[in-house]
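# Build me a structure from this.
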Amino acid sequence: EKTVYRIYWTVKNSLHELTNMSVSTLLPPGVKWTGTSREVTAGSLDFDETGRKATWRLNRLPTSVPEITASFEVELTPGAEDI
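Numbering: from 1, shown residues only. The predicted structure follows:
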C-alpha cells in the first residue's frame, strides 16, 4: 500500500552567521516527491525531477535566528522485502 512520509530538516544556529547554506538529498529509486505540503521557515526548497534531488537553499542565517526548518512529503509503496 502506498505510504506517505514527511521529511523534516532543522538547522540550529547559535555560534556564527551562516551564508550560502545548502542542504540536499537524492531520493532513492521507488521514492516519489509528492510536491505537496512543502514548508520552509526561510530560504527555498526545490526538487530537480531529472536528478531526483531535493535542495534547501538559504543566502544568510544570522545568529539572531536560532532555528529554521524545512519539510516535504515523499511517497513509496513498500515491497515484501521491506517487511
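# what's the offset of stretch 27-37 from the middle of its chain?
Relative to its chain's centre, stretch 27-37 lies at 11 Å (Cα atoms, centre = their mean, to the nearest Å).
# same check, this time on stretch 10-28
The answer for stretch 10-28 is 10 Å, by Cα atoms, centre = their mean.
# which outside residues touch that stretch?
Contact with stretch 10-28 is made by 9, 33, 43, 51-63, 65-70, 74, as judged by Cβ atoms under 8 Å, 6 or more residues apart in numbering. Where you see a C-beta, it was placed from the backbone N, CA and C, and this is true even at glycine.
# Got the confidence number for the spatially closest residue to residue 4 that is not a sequence neighbour?
Closest residue in space to residue 4, ignoring its immediate chain neighbours: residue 75 at 4.7 Å, by Cβ to Cβ, 6 or more residues apart in numbering. At residue 75, the predicted lDDT confidence score is 95.
# Figure out the helix or strand that residue 75 lives in.
strand 67-76 (DSSP states H and E).
# Let me know the secondary structure of residue 81.
helix (DSSP: H, G, I helix; E, B strand; the rest coil).
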